[in-house]
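>>> got a predicted structure here, sequence first:
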Amino acid sequence: MGTDFLIKNAKEIQAVIDNNALEIEKLDQEIGDGDHIFNVQRGIKLVIELEPIIKHLSMSKALNQIAMKILSGIGGSSGALFGTLFMTMAKVSNIDDGIDYKKAINMFANGVEAVKQIGKADVGEKTMMDVLIPVANCLKQGVEKKKDIKGLMREAIEEAEKGMLSTKNLIATKGRASFLGERSKGHIDPGARSSQLMIKTVCETILNT
Amino acid sequence: MGTDFLIKNAKEIQAVIDNNALEIEKLDQEIGDGDHIFNVQRGIKLVIELEPIIKHLSMSKALNQIAMKILSGIGGSSGALFGTLFMTMAKVSNIDDGIDYKKAINMFANGVEAVKQIGKADVGEKTMMDVLIPVANCLKQGVEKKKDIKGLMREAIEEAEKGMLSTKNLIATKGRASFLGERSKGHIDPGARSSQLMIKTVCETILNT
Amino acid sequence: MKKFINSEDTFLKESLQGFAAAHQDIVTCFYDPNFITRSKATKVGKVAVISGGGSGHEPMHGGFVGYGMLDAACPGFVFSSPSPDQMIAASEKVDNGAGVLFIVKNYSGDIMNFQMSSEMMTGASETVLTNDDVAVEDSSFTTGRRGVAATVIVEKIVGSLAESGGSLKECKILGDKVNKNSGSMGVAFSSCTVPAARKPTFELGADEMEFGVGIHGEPGRRRDKVKSALDITNELLEAIIEDLKPENNDEILLFVNGMGGTPLTELYIIYDNAKKILDNKKVKIVRSLVGNYCTSLEMQGASITLTKLDQEITNHWDSAVHTAAMRWGM
Amino acid sequence: MKKFINSEDTFLKESLQGFAAAHQDIVTCFYDPNFITRSKATKVGKVAVISGGGSGHEPMHGGFVGYGMLDAACPGFVFSSPSPDQMIAASEKVDNGAGVLFIVKNYSGDIMNFQMSSEMMTGASETVLTNDDVAVEDSSFTTGRRGVAATVIVEKIVGSLAESGGSLKECKILGDKVNKNSGSMGVAFSSCTVPAARKPTFELGADEMEFGVGIHGEPGRRRDKVKSALDITNELLEAIIEDLKPENNDEILLFVNGMGGTPLTELYIIYDNAKKILDNKKVKIVRSLVGNYCTSLEMQGASITLTKLDQEITNHWDSAVHTAAMRWGM
Ligand SMILES: Nc1ncnc2c1ncn2[C@@H]1O[C@H](COP(=O)(O)OP(=O)(O)O)[C@@H](O)[C@H]1O
Ligand SMILES: Nc1ncnc2c1ncn2[C@@H]1O[C@H](COP(=O)(O)OP(=O)(O)O)[C@@H](O)[C@H]1O
Ligand SMILES: [Mg+2]
Ligand SMILES: [Mg+2]
Ligand SMILES: [Mg+2]
Ligand SMILES: [Mg+2]
């Protein structure tokens, strides 16, 4: 798994997000301030534009570049959250020696833990954590149980979808939607939806290799 | 002709103007700033409210009160123009000794002349002067020729209507519509319309006595 | 119509009361007839500068009453000239023996009412007529051009001269000069709504703008499709420059004025674009003003004003001013 | 969408450029990362006060950079928190050795980005979180209340203390106090339109208002029929007073803030109505602010903020300030 994997996935994600842009925009208009889709699209575009630079970099350096780009280029909650995710993934030791699925999952789980810490949100608060945490847990357990990687990817896709859908009936207690209190109920969280789509895309790339 | 004549006519005019309010409003929206109808309605209301005060006053004092009320209570072009009309009418000598039609017409013509001076507009400039001046001229000539008063009233009504309609195809050179240049063409002047309606109302009151 | 309003009849009075209360250190309002004066008396022998016009252009003119600018303002009903009794009462209150200078925007109604005031007044008075709107053709056979945003500049400059002891005659001459040195033009993206009318003065399509609009929502030069900020700025500047004819290295004041409903960010975009264009033409921007100063109720839109400067005008621009809407140096 | 704009991508940059050029005597703008500083260096040992947040609330925060208020502002994209690199670059530029005080409105995105900045910085820093919006229930289990217009007041007061030599700790304590002493609530008559979205954030019926709206067009307490200015003012004040609980003869600052698209006249009507209500309750208005200070692009609407005063806060309110959007005493 090299930096080409990152770029390839970024491009796939771009297509998927663009296809679902109107829905995501609407979600953040309903319970947020409407900018989530633009933040995400801007972020992906910036990452893809990094291709010529990170192509020749080591994995840790590439991830750091991506993290900095996301952090500085997006702003808002997504910038801090996704930026933290990538920054922390880069910190797992020895990733420049080559990455297998186990290490990749470890990196992801580490990143999610850091996101949880900066955002102070747990499962059930109607944020992207309702997708990220269950998926990270499922993957970690899968690795522990030495599950088949393709089956695990399918599980992760399901977990992500379940988590995303679960946000619909939650009352938000973190993020901008929390200002709505009761009125946040009945809407899927935009960040949960975008994360779920990204996870699905990456898992499918792996399934298709 | 006493102050009751003034109040009676103000009330008749109020009804007529109210009935044509939407049209007049629209005219000033098309080539002005849209307030002419409110200015006129406010003015008439203020004059009618003067009834208890002017009921017992001499004609000159009553007209002066009306003029001051219009001048201070309307503002805008109409305030200055109609205020000047009434103020000048009050200045004709001996009006407190009784007013016959000849004197009344003399008063009106005097008032129109003063309006012409303050507004610096003549016939053909697409203002209320296209109604006021022809009507004043027609009335003056009628008195000179000792025409029958009822016939003269009918002539005045016609002159007013003709003058009002003539404004439609004029290019405004005075007043707010002048800013439009060519684009003022095709619209009747709001002040011409309101003056024409007032003149018609007063003439009809006389016709019906 | 959605407005913070209790009734059309009390609109002006309540607004003036709020204004007076919020700025009681600067202004005092009088009612029936309505006028606004400074809260502190000025020195004997100072020319009194009075402006006025229909309401709906706030902060103009009441927001400019105070040290270094106006001595009094006479607010008419929304978009209707004030009446002579207002000007007369204001003059009586603020005339300090050196006469009254009226600053009047060139509209028939305003001219007639101010003229009647002058005629009815006993003291000396002069009038500066502003007519900076280049959207309208100028002609001595017609009412001529409208007075718009440059009125703010004239009031600042003349106010400063009066404060520093200028005579009535000098104030009149300087006011006329600043007006002649100024050109303005505006564009509207949306109409305004006069409270009494309860509906917009005009209708614009979703992609239309009124180019050369007046500050009462009067139609402009033409109805046009909405263009980029740069194109709009360019066209506004071209019309102004054609009229003002600034020469190479002429120093100017660039004033980007909001019509009331356009956010500051966009006014600064216009400023940025105008600066690029003027830099290109070697017109030197040496003073600036950006904000909502001469508005049309909640209209979305903006105008640009250029004023050619000389040392005298620049000095009076820089001098201290202390009003509700314009304040510096104190 | 009708805006003075050339492209969504250049919107912020061009606006900042115009802002910097129009006020070059007061501010300097830096780009990539974007931040605004005073144009003149401040004295060594002065605490640097930095604020920032998504753009679209102008003049907040850039308009408050200058003597007596902010040392720097970090503008994010429209309605998106700025990123840590902006805050870090700004801090490096303006930290004078006495540390940096961040003033941050309570939104997840802002908090996370400012927190990351603090962690990445080498120098000392403190953060004052504003959360004055009483429309939202406060709770330590949730994000809590939004920071809205009182942020302006906090920036003025803390800016004054920093200017007069207050330590980082003192600035932090005073900032927290002013925030705690303040309550705000707003109402919207129309939505705003984020340039990138090209369409309004929300839709309101012709007779509807959003009561308790957020400054990004977030939904408020409820959707309601439009009411009279007096009723709206009354309901806003009731919510604030229930929270702030001012006592008989408490002295307060009354701040009527426009959301961007509402004319001044209407803000003064709210002021007038609020004054009547507060007079009745024996709450003493001793300082006032009326205008568009914390806006939501072109949104039509307004908010009311009350800040309880004591001698210290009042003195810092009165002290000289020289920024693009707030200026007195110099
Ligand atoms: N404290 C938090 N922890 C985790 N996720 C959060 C938190 N706050 C917000 N989010 C996520 O961020 C998303 C919104 O992102 P975005 O719209 O880009 O930022 P903003 O809310 O600043 O406008 C939400 O839908 C939610 O999933
Ligand atoms: N100089 C003038 N001489 C005569 N009538 C005028 C003049 N200027 C304007 N008017 C009349 O005034 C009318 C407009 O009145 P009104 O709308 O009340 O005032 P304003 O134009 O100040 O808004 C015009 O339709 C026109 O008939
Ligand atoms: Mg958002
Ligand atoms: Mg009119
Ligand atoms: Mg008018
Ligand atoms: Mg946002």
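Ah, there it is. Ligands and ions are numbered 1, 2, ... in the order given.

>>> is residue C:256 within a helix or a strand, and which one?
strand C:251-258 (DSSP states H and E).

>>> same for that strand, what does it pack against?
Contacts defined by 3 or more CB pairs under 8 Å, 6 or more residues apart in numbering or on different chains; DSSP states H and E place strand C:251-258 against helix C:150-163, strand C:182-188, helix C:264-280, strand C:284-291, strand C:301-308. (Glycine included, C-beta is placed from N, CA and C.)

>>> kindly calculate the angle that the shortest one makes with helix C:264-280.
What it means is strand C:182-188. Compare the direction of strand C:182-188 with that of helix C:264-280 by axes from the mean of the first three to the mean of the last three CA atoms, to 10 degrees and you get 140 degrees.

>>> the helix or strand following strand C:182-188 near chain B at all?
Later in the chain than strand C:182-188, the nearest helix or strand by DSSP H and E is strand C:208-211. No: if you take CB under 8 Å from any CB of the partner chain as the test, strand C:208-211 misses chain B, and the best it gets is 11.5 Å.

>>> can strand C:208-211 be found next to chain D?
Yes: using CB under 8 Å from any CB, strand C:208-211 reaches chain D at residue C:209.

>>> in the next helix or strand along the chain from that strand, what's buried?
Next in sequence after strand C:208-211, counting helices and strands by DSSP H and E, comes strand C:222-225. By neighbour count with 16 or more other CB atoms under 10 Å in any protein chain shown, strand C:222-225 contains the buried residues C:223-224.

>>> report the closest residue of the stretch 201-330 of chain C relative to ligand 3.
Nearest to ligand 3, among the residues of the stretch 201-330 of chain C, is residue C:265, at 18.8 Å (CB to the ion).

>>> okay, now the closest residue to that residue other than its chain neighbours: neighbour count?
The shortest distance from residue C:265 to any non-neighbouring residue, by CB to CB, 6 or more residues apart in numbering or on different chains, is to residue D:15 (4.4 Å). Close neighbours of residue D:15, defined as other CB atoms under 10 Å in any protein chain shown, add up to 29.

>>> ok, now which ones touch residue D:15?
C:265-266, C:268-269, C:272, D:55, D:58 (CB atoms under 8 Å, 6 or more residues apart in numbering or on different chains).

>>> ligand 3 contacts on chain A?
Residues of chain A that fall close to ligand 3, judged by CB under 5 Å from the ion: A:28, A:32-33, A:35-36.

>>> format the helices and strands packed on strand C:251-258 as JSON lines; extra columns: mean neighbour count and mean pLDDT.
Formatted as JSON lines, these follow (neighbours: other CB atoms under 10 Å in any protein chain shown; pLDDT from 0 to 100):
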{"stretch": "helix C:150-163", "mean neighbour count": "28", "mean pLDDT": "98"}
{"stretch": "strand C:182-188", "mean neighbour count": "29", "mean pLDDT": "98"}
{"stretch": "helix C:264-280", "mean neighbour count": "23", "mean pLDDT": "98"}
{"stretch": "strand C:284-291", "mean neighbour count": "18", "mean pLDDT": "98"}
{"stretch": "strand C:301-308", "mean neighbour count": "28", "mean pLDDT": "98"}
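
>>> got the contact list for whatever residue of chain C ends up closest to ligand 6?
Nearest to ligand 6, among the residues of chain C, is residue C:265, at 16.1 Å (CB to the ion). Residue C:265 makes contacts with D:11-12, D:15, D:55-56, D:58, D:297, as judged by CB under 8 Å, 6+ apart.

>>> care to break chain C down by domain?
C:17-180+C:319-323, C:182-310 (automatic domain parsing).

>>> export the ones you listed to CSV and tack on distance to residue A:90?
Below are these laid out as CSV (distance: least, CB to CB, whole Å):
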stretch, distance to residue A:90
domain C:17-180+C:319-323, 54
domain C:182-310, 36
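
>>> now do the helices in chain A.
Assigned by DSSP state H, chain A shows helices spanning A:3-19, A:21-31, A:36-49, A:51-54, A:59-74, A:76-89, A:101-119, A:129-144, A:149-166, A:190-207.

>>> tell me the most buried of these?
helix A:76-89 (a mean of 26; mean count of other CB atoms under 10 Å in any protein chain shown).

>>> tell me which other helices or strands it touches.
In terms of contacts (3+ CB pairs under 8 Å, 6+ apart), helix A:76-89 is packed against helix A:36-49, helix A:59-74, helix A:101-119, helix A:190-207, helix D:108-120.

>>> what comes into contact with the first one?
Helix A:36-49 is contacted by residues A:6-7, A:10-11, A:13-14, A:17-18, A:21, A:24-25, A:27-28, A:66, A:69-70, A:73-76, A:78-79, A:82, A:190-191, A:194, D:77, D:80, D:194, D:196-197 when judged by CB under 8 Å, 6+ apart.

>>> the closest residue to residue C:303 other than its chain neighbours and ligand 1, how far apart?
Excluding the flanking residues, the one nearest residue C:303 by CB to CB, 6+ apart is residue C:186, at 3.2 Å. To ligand 1, residue C:186 is 35 Å away according to CB to the nearest ligand atom, to the nearest Å.

>>> no further queries at this time; thank you.
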